[in-house]
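>>> need coordinates for the below:
(3 chains)
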Amino acid sequence: MKEIASECLTKVRAEKPLIHHLTNWVTIYDCANIVKVFGASPVMAHAREEVAEMAGIASALVLNIGTLTSDFVQSMIIAAKSANKKGIPVVLDVCGAGATRFRDEKCFEILNQAKVSIIKGNSSEIARIAGESVSTKGVDASDVKRDLQEIARDLAAKKDCTVVITGKEDIVADEKRVVMVKNGHEMMANIVGTGCMAASVIGTFVAVEKDYVGASVAGLVCYEVAAELAAAKAAGPGSFKEMLFDAVFNLDAETVEKMMKIEEGLR
Amino acid sequence: MKEIASECLTKVRAEKPLIHHLTNWVTIYDCANIVKVFGASPVMAHAREEVAEMAGIASALVLNIGTLTSDFVQSMIIAAKSANKKGIPVVLDVCGAGATRFRDEKCFEILNQAKVSIIKGNSSEIARIAGESVSTKGVDASDVKRDLQEIARDLAAKKDCTVVITGKEDIVADEKRVVMVKNGHEMMANIVGTGCMAASVIGTFVAVEKDYVGASVAGLVCYEVAAELAAAKAAGPGSFKEMLFDAVFNLDAETVEKMMKIEEGLR
Amino acid sequence: MKEIASECLTKVRAEKPLIHHLTNWVTIYDCANIVKVFGASPVMAHAREEVAEMAGIASALVLNIGTLTSDFVQSMIIAAKSANKKGIPVVLDVCGAGATRFRDEKCFEILNQAKVSIIKGNSSEIARIAGESVSTKGVDASDVKRDLQEIARDLAAKKDCTVVITGKEDIVADEKRVVMVKNGHEMMANIVGTGCMAASVIGTFVAVEKDYVGASVAGLVCYEVAAELAAAKAAGPGSFKEMLFDAVFNLDAETVEKMMKIEEGLR
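Sure thing, here's the model as predicted:
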């Protein structure tokens, strides 16, 4: 797995995949821009009349329920079914699951009506989707008692998908494998958008690599290595975000390989 | 009142209150992020099915009509009633009041159907809500003839709330008190979002302090002291905004106390 | 035409025109902010109950279909008809035309129901609106076989308007004239929002100058000269965008005249 991050980065830049998003209105710019600075091509479109066609010309679909409405979720499901038909991966960021019943229900509705390839969230969001009775503080994680690796693997098995739990250390799991990504910097938690961007990065990387666990790890490693480089120079969260975009754009394979910190298998 | 700014800042960082927003699509990121860099926790949610529940887990509710629709205002009213029931403060930014009849009517509808704790706007927006026949240039203030302190106090008395008029000098008033905040920098007027962020900052501070006049003053002072620090180093409005987020994040109580410029009572 | 860029810049800053937008949710902040840093006054409003009145107090209307829905396009048409009645220019950014049938149809619907003064897009978007059978990769341009100058002039003649094709070199044309704008920097293509901002800049400049070809050229020159200055100092796309806002704000007429690179007439 040591070379997958740099290999995927090279592929993203060469293939410039089109990543279709239906995402929230808070971080929609950041989601588009992180895809762009990685060298790929973002498009945001949510009208029910066009989402199937747009997903049909894309290489991956990213769904994020951060500012969901019922209509918006209907468009998500239409887009996801189109993506399923075309065989492209669907990433679902269960943003705010565990904060309201409505969010939980809509996540389950999406998961029941379409095939999601990667479910991504923070610890309490994923725990809620996995059936634990936890609450999320708006869109910020709260404590989860059960072991997170176990939750990730169980949910992955149940939904036959890859599960990503972001946090101080990220967990990427399917039914058989678990990988911990230990890159990143605490400054990422001091600014809005880093979680949402992680889902867009995963979408960008699974667009070019069919091993979704590997591609998700690769995307997170590249993104978080860039974050480490940015945080080392930033004077605070404002300058950090600008430097993060610069660092992703300027990232080279050698640096990624040198700084990559992952751990395969269970702890 | 000298210590309230630094005391509230400390409380915000310790308590990390959840601030629920229904705001405009232009500055929604900035509103979320200013809350985050102050150390609190923003959440943006507007679906009518979830706003009551989300407001119910929050410590303050911020409403901003910048890109309003009828449906959106309906969700605002549901959220505000939930906030009223829970007893948490509701901030209303009457963004663009005085520009169209629709905006005026919707502001009055919100104010009639729910209890708003703090009404915030620029001079012509607040004057319009107070019943003056003035026009707002889109969302930018135009001249108001009547004395602004008087307008603020009268509106505060009529609606039994706190009124904040932002501008070169800010006015914070309830029926009995008026405080002028004289911090800030002219660069704030050269970039989109500083007005909207002010409302989010007020929401963050009234979430931790029941004296709403004091908390509003405290929030504005901290925010505008940070703006002064950022403007001193910025090369223009672009770098100013990033440095503003850095400055808020790095702000310390001592600096706030030293740089604070307020004036209590009438001029 | 040598002085038009600096003259228009001076007029924008003196007159501070109000620019009403109905635009997409991805770059809405950037569109508002670029207008602001040029010294003008942006307002974003899309409720069908207020768009006619808001357009009626504005000096130009900018429409961008980047994240369109049917309802949103209805509001655009109402706003455009109000702008037509008042005699203010309407700019239409045909963002993503050629990506889905829905986008094409909605562009034609707007163009048929209201008078658009300036149609703006990248090469494949404009080619599609001009009737060529090309596809757009989401919102990113794809190759067009027919000569772009010819496409621009034909579309301008057919719709009696000004046509702007942005790209490495921009084409500004009406039925009789073609001007190439050769300023700008490749870094503009590495970040989301530069295309959308170009439409907002054009809206800002046509608000103060009735020669729409001249004003569009003037706006693009000022914007792209600022981009060259920013790119010369930026470490990547993140810092580039902040420096672009700084550079626009600090731009002086002399620099514009010195750095301006345009070519009149056909190649």
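>>> please, where are all the helices along the stretch 51-200 of chain A?
With helices called from DSSP state H, counting those that start in this stretch, the stretch 51-200 of chain A shows them at A:51-57, A:70-86, A:101-113, A:123-129, A:148-159, A:194-206.
>>> now these in CSV, with mean neighbour count?
(C-beta placed from N, C-alpha, C; glycine too.) Shown next, in CSV, are these (neighbours: other C-beta atoms under 10 Å in any protein chain shown):
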stretch, mean neighbour count
helix A:51-57, 21
helix A:70-86, 20
helix A:101-113, 18
helix A:123-129, 26
helix A:148-159, 19
helix A:194-206, 29
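>>> quick one: which of the ones you listed is nearest chain B?
helix A:101-113 (3.8 Å; C-beta to the nearest C-beta).
>>> how about that closest one and chain B, touching?
Yes. Residues of helix A:101-113 are located near chain B by C-beta under 8 Å from any C-beta of the partner chain, namely A:101, A:102, A:103.
>>> which helices and strands does that helix pack with?
helix A:70-86, strand A:90-93, helix A:123-129 (3 or more C-beta pairs under 8 Å, 6 or more residues apart in numbering or on different chains; DSSP states H and E).
>>> tabulate the ones you listed (CSV), appending distance to chain B and mean pLDDT.
Converted to CSV, the helices and strands packed on helix A:101-113 look like this (distance: least, C-beta to the nearest C-beta, whole Å; pLDDT from 0 to 100):
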stretch, distance to chain B, mean pLDDT
helix A:70-86, 7, 98
strand A:90-93, 14, 98
helix A:123-129, 13, 97
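>>> pretty sure residue A:54 sits against residue C:98.
No. Look at residue A:54 against residue C:98 with C-beta atoms under 8 Å: they stay out of range, at 11.9 Å.
>>> that older thread, chain C is nearest to which of the helices and strands packed on helix A:101-113?
Closest among those, using C-beta to the nearest C-beta: helix A:70-86, at 9.0 Å.
>>> pull the number of nearby residues for the residue of the stretch 51-200 of chain A at minimum distance from chain B.
Closest residue of the stretch 51-200 of chain A to chain B, C-beta to the nearest C-beta: residue A:138 (3.0 Å). Counted with other C-beta atoms under 10 Å in any protein chain shown, residues neighbouring residue A:138 total 22.
>>> list the contacts for it?
Shown in contact with residue A:138 (C-beta atoms under 8 Å, 6 or more residues apart in numbering or on different chains): A:96, A:99, B:18, B:20, B:41, B:42, B:43, B:54, B:57, B:58.
>>> select from those residues every entry located in strands.
Using DSSP state E, the subset of the contacts of residue A:138 located in strands is B:18, B:20, B:41, B:42, B:43.
>>> you'd agree residue A:265 is up against residue A:180?
No. Using C-beta under 8 Å, residue A:265 is not in contact with residue A:180; the gap is 9.0 Å.
>>> which of these two has more neighbours?
Set side by side, residue A:265 and residue A:180 show more neighbours around residue A:180, with 18 against 8, by other C-beta under 10 Å.
>>> write out the residues of the stretch 51-200 of chain A neighbouring chain B.
So the stretch 51-200 of chain A meets chain B at A:66-70, A:96, A:99-103, A:135, A:137-140, A:190-193 (C-beta under 8 Å from any C-beta).
>>> same thing but at 10 Å, please
Residues of the stretch 51-200 of chain A lying close to chain B by C-beta under 10 Å from any C-beta of the partner chain are A:65-73, A:95-96, A:99-103, A:105-106, A:135-140, A:187, A:189-193.
>>> ok, the residue lying closest to residue A:52 once chain neighbours are set aside to residue A:50 distance?
Nearest-residue entry for residue A:52: residue A:82, 3.9 Å, with adjacent residues in sequence omitted and distances by C-beta to C-beta, 6 or more residues apart in numbering or on different chains. To residue A:50, residue A:82 is 10 Å away according to C-beta to C-beta, to the nearest Å.
>>> got it, and residue A:132?
As judged by C-beta to C-beta, residue A:132 and residue A:50 stand 37 Å apart.
>>> so which of these two has more stuff around it?
For residue A:132 versus residue A:50, neighbours defined as other C-beta under 10 Å are more numerous around residue A:50 (23 against 15).
>>> now the more buried one: how far from residue C:249?
37 Å.
>>> before we move on, back to that, closest to residue A:228 out of the helices and strands packed on helix A:101-113?
helix A:123-129 (21.4 Å; C-beta to C-beta).
>>> for that closest one, packing partners?
Here helix A:123-129 touches helix A:101-113, strand A:118-122, helix A:148-159, strand A:162-166, going by 3 or more C-beta pairs under 10 Å, 6 or more residues apart in numbering or on different chains; DSSP states H and E.
>>> tabulate those (a markdown table), appending mean pLDDT.
Formatted as a markdown table, the helices and strands packed on helix A:123-129 follow (pLDDT from 0 to 100):
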| stretch | mean pLDDT |
| --- | --- |
| helix A:101-113 | 98 |
| strand A:118-122 | 98 |
| helix A:148-159 | 97 |
| strand A:162-166 | 98 |
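>>> mind checking pLDDT for the nearest residue to residue A:43 once chain neighbours are set aside?
Leaving aside its sequence neighbours, residue A:43 sits nearest to residue C:138 (C-beta to C-beta, 6+ apart; 3.0 Å). Note on residue C:138: pLDDT of 92.
>>> check the one 5 residues further on too.
Residue C:143 is assigned a pLDDT of 88 by the prediction.
>>> surely residue A:254 is within a helix?
Yes. Counting by DSSP: H, G, I helix; E, B strand; the rest coil, residue A:254 falls inside a helix.
>>> and the pLDDT at it?
So residue A:254 comes in at 95 (pLDDT).
>>> before we move on, what about residue A:265?
80.
>>> correct me, but it touches residue A:153?
No. In this structure, residue A:265 is not within contact of residue A:153 by C-beta atoms under 10 Å, at 11.7 Å.
>>> identify the contacts common to these two.
Between them, residue A:265 and residue A:153 share these contacting residues under C-beta atoms under 10 Å, 6 or more residues apart in numbering or on different chains: A:177, A:178.
>>> quick check: bridge partners of whichever residue of the stretch 1-150 of chain A sits closest to chain C?
Closest residue of the stretch 1-150 of chain A to chain C, C-beta to the nearest C-beta: residue A:43 (3.0 Å). Per DSSP bridges, the residues bridged to residue A:43 are residue A:20.
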